[in-house]
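Visitor: Need coordinates for the below:
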Amino acid sequence: MSSEAPAKRKTLGQIEVMRALAVTGIFLYHLWSDVPKAGTENPFGSWFGVLLSQGWMGVILFNIVTGFVLTLPFAGPAGRPMPSYFQFMRHRLLRICPNYYIGLVFWTLVAIIAGKGGAALLSSFVQHALFVHTLNPAVFFDIVPAYWWMGLLAQFYLAYPLLWRLFTKFGPKKAALLLCGGCWGLWALLEVLAKLMPGSTFAMCNYLFYFNLPYRLGEFALGMYLCALWRDPVANPVLSQGLSVGVAFKRMRRLAVAGFALLVGWGWLVGIPGPVLLVTHLYWLAVVFCGGAAIFFMDSMDSLGVWKPVSAYAGLSYSIYLMHQPILAYASEWVRPQMEPFPAFIFLTGVCGLASVLVAMITDKAVARINEVIG
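Guide: Numbers count the residues shown, from 1 in each chain. Presented below is the predicted three-dimensional model:
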């Protein structure tokens with residue numbers, strides 16, 4: 001990586017590593033949620049459970065990566081012009097909908113067969129299919145709880161052309177500050193109003209917005225900001241100092257590693273900030289951001305990401321995300337009564353991990369055939 005200018009870079013192995021890490025963290029977090037005693041009843045001690053309980057941060061990493069990757073074609077002096085809104089949305093929905101709808105239909109049928117459908121299943125299914133389920137607390141975690149992220153992702157796609165227009169008008173730095181300051185400022189205001197008026201509309205909005213835009217917009221905006229700086233060395237405060245790309249990347253890597261170490265050390269020695277959710281979330285976002293930046297500027301991560309096993313696993317990460325949680329949930333119901341927590345955890349990691357990968361491969365092959373038919 002250090003031998004090429006960032007604007008010419010085509011293969012980003014670091015992004016593949018981030019995808020792989022994100023989906024693995026989410027998988028282990030959901031497994032820990034199904035077998036929580038494995039976090040304490042294990043040979044490693046309580047820290048093992050603490051580590052597993054932070055796997056949800058894979059969603060933050062996914063959001064940052066999504067903002068980065070979506071911006072990649074348009075950023076920098078050589079970037080392509082933004083297509084029309086209709087063309088952009090058509091392309092993005094064709095990218096995510098086939099896999100999502102296969103998972104949604106499959107797990108809905110499994111729920112019906114298992115007698116877990118419920119009377120409102122049809123309504124829930126329709127809301128999930130239209131990506132509006134994250135706006136309705138009654139169906140929020142129906143069918144597959146992890147599908148809440150699909151509603152957030154669709155919202156970001158809907159907003160992206162407008163967000164990119166903001167980046168082109170004000171520049172990456174000002175646009176990122178406006179977006180992050182606006183969403184987190186609103187979050188802080190609603191946190192206060194929710195505590196003053198529990199049970200009010202403010203409290204409901206404060207709850208729902210955590211899983212929707214605008215609260216989570218800052219994560220995507222940071223990914224957009226990083227991509228815009230990476231694709232345009234002149235606008236980058238480090239690369240614009242006349243340094244070689246290798247030296248500049250080494251400096252940025254050191255800064256990211258130092259920030260990550262400082263944040264983790266603070267959390268370990270002093271404690272994670274709380275109890276205000278906004279402050280806690282910003283802390284973890286900073287941890288993920290610094291950790292992700294450290295990975296991005298490591299040449300070894302670039303090489304690792306283009307290694308076929310890693311790149312193949314990363315390529316399946318979207319379908320793994322869509323399919324893994326019910327596999328874990330149904331399997332753990334059978335395994336938990338039969339085994340001690342930690343052996344059950346190890347068994348489910350292997351069996352369900354392999355099953356998730358295989359089902360993801362089948363899903364991706366089915367989607368490829370659908371795309372061939374659609375043309």
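Visitor: List the contacts of Met224.
Guide: Contacts here follow CB atoms under 8 Å, 6 or more residues apart in numbering; on that basis Met224 touches Gly67, Phe68, Leu70, Thr71, Leu163, Trp164, Phe167, Pro172, Ala175, Ala176. All C-beta atoms are positioned from the backbone trio N, CA, C, and that covers glycine.
Visitor: Which helix or strand contains the last one?
Guide: Here Ala176, judged by DSSP states H and E, is contained in helix 172-196.
Visitor: is it true that Leu186 touches Pro214?
Guide: Yes - contact criterion CB atoms under 8 Å: Leu186 and Pro214 qualify, at 5.9 Å.
Visitor: any idea which element the closest residue to Met197 other than its chain neighbours lies in?
Guide: Nearest residue to Met197, sequence neighbours excluded (CB to CB, 6 or more residues apart in numbering): Ala203, at 6.5 Å. Element membership of Ala203, judged by DSSP H and E, is helix 201-209.
Visitor: Return the helix or strand that that helix is followed by as CSV; C-alpha atoms alone will do.
Guide: Downstream of helix 201-209, the next assigned helix or strand under DSSP H and E is helix 217-231. Taking Å, rounded to 0.1, in the frame of the first residue of the first chain, the C-alpha atoms of helix 217-231 are listed here in CSV:
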residue,chain,number,x,y,z
LEU,A,217,-25.7,9.2,11.1
GLY,A,218,-22.3,10.2,12.6
GLU,A,219,-20.9,6.7,12.1
PHE,A,220,-21.6,6.7,8.4
ALA,A,221,-20.5,10.4,8.1
LEU,A,222,-17.1,9.5,9.6
GLY,A,223,-16.6,6.8,7.0
MET,A,224,-17.5,9.3,4.3
TYR,A,225,-15.0,11.8,5.8
LEU,A,226,-12.2,9.2,5.9
CYS,A,227,-12.8,8.2,2.3
ALA,A,228,-12.9,11.8,1.1
LEU,A,229,-9.6,12.6,2.7
TRP,A,230,-8.0,9.3,1.5
ARG,A,231,-9.1,9.9,-2.1
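Visitor: doesn't Trp164 make contact with Phe170?
Guide: No - when contacts are counted by CB under 8 Å, Phe170 is not listed as touching Trp164 (11.3 Å).
Visitor: where's Ser123 relative to Trp107, distance?
Guide: Distance of Ser123 to Trp107, given as CB to CB, to the nearest Å: 16 Å.
Visitor: sorry, back to before: so Phe170 and Trp164 - more neighbours on which side?
Guide: More neighbours surround Trp164 than the other of Phe170 and Trp164, with 20 against 13 (other CB atoms under 10 Å).
Visitor: which element is that one on?
Guide: helix 148-170.
Visitor: where's the residue positioned nearest the centre of the chain, which helix or strand?
Guide: The centroid of the chain falls nearest to Phe62 when counting by CA atoms, centre = their mean (2.3 Å). Assigned by DSSP H and E, Phe62 belongs to helix 57-71.
Visitor: That helix relative to helix 148-170, how many degrees between them?
Guide: Following axes from the mean of the first three to the mean of the last three CA atoms, to 10 degrees, one obtains 40 degrees for the angle between helix 57-71 and helix 148-170.
Visitor: just checking, what packs against helix 57-71?
Guide: helix 13-34, helix 148-170, helix 217-231, helix 277-296 (3 or more CB pairs under 8 Å, 6 or more residues apart in numbering; DSSP states H and E).
Visitor: Measure how far the first one is from the centre of its chain, please.
Guide: Same thing as helix 13-34. Counting by CA atoms, centre = their mean, to the nearest Å, helix 13-34 is centred 9 Å from the centre of its parent chain.
Visitor: Give the rounded mean pLDDT of that helix.
Guide: Averaging pLDDT along helix 13-34 gives 96.
Visitor: and if you look at the longest one?
Guide: The average pLDDT for helix 148-170 rounds to 96.
Visitor: Show me which parts of that helix are buried, residue by residue.
Guide: 148-161, 163-164, 166-167 (16 or more other CB atoms under 10 Å).
Visitor: buried stuff in the least confident helix or strand in the chain by mean pLDDT?
Guide: Every helix and strand of the chain was ranked by mean pLDDT, DSSP states H and E. The lowest is helix 245-269, at a mean of 86. Of all the residues in helix 245-269, those buried under the rule 16+ other CB under 10 Å are Val245, Ala248, Phe249, Lys250, Met252, Arg253, Ala256, Val257, Gly259, Phe260, Leu263.
Visitor: got TSV for those residues, with distance to His30 too?
Guide: TSV is the format used below for those (distance: CB to CB, whole Å):
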residue	distance to His30
Val245	39
Ala248	38
Phe249	34
Lys250	37
Met252	33
Arg253	31
Ala256	28
Val257	29
Gly259	28
Phe260	24
Leu263	25
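Visitor: Figure out how far the helix or strand containing Ile96 is from the centre of its chain.
Guide: If you go by DSSP H and E, Ile96 is part of helix 85-113. How far helix 85-113 lies from its chain's middle: 17 Å, per CA atoms, centre = their mean.
Visitor: Helix 85-113 and the helix or strand following that helix, what's the angle between them?
Guide: Where DSSP H and E defines the elements, the next helix or strand beyond helix 85-113 is helix 121-129. With the same axes, to 10 degrees applied, the angle from helix 121-129 to helix 85-113 works out at 150 degrees.
Visitor: What mean pLDDT does helix 121-129 get?
Guide: Taken as a whole, helix 121-129 has a mean pLDDT of 95.
Visitor: same deal with stretch 323-339?
Guide: Here stretch 323-339 scores 95 as its mean pLDDT.
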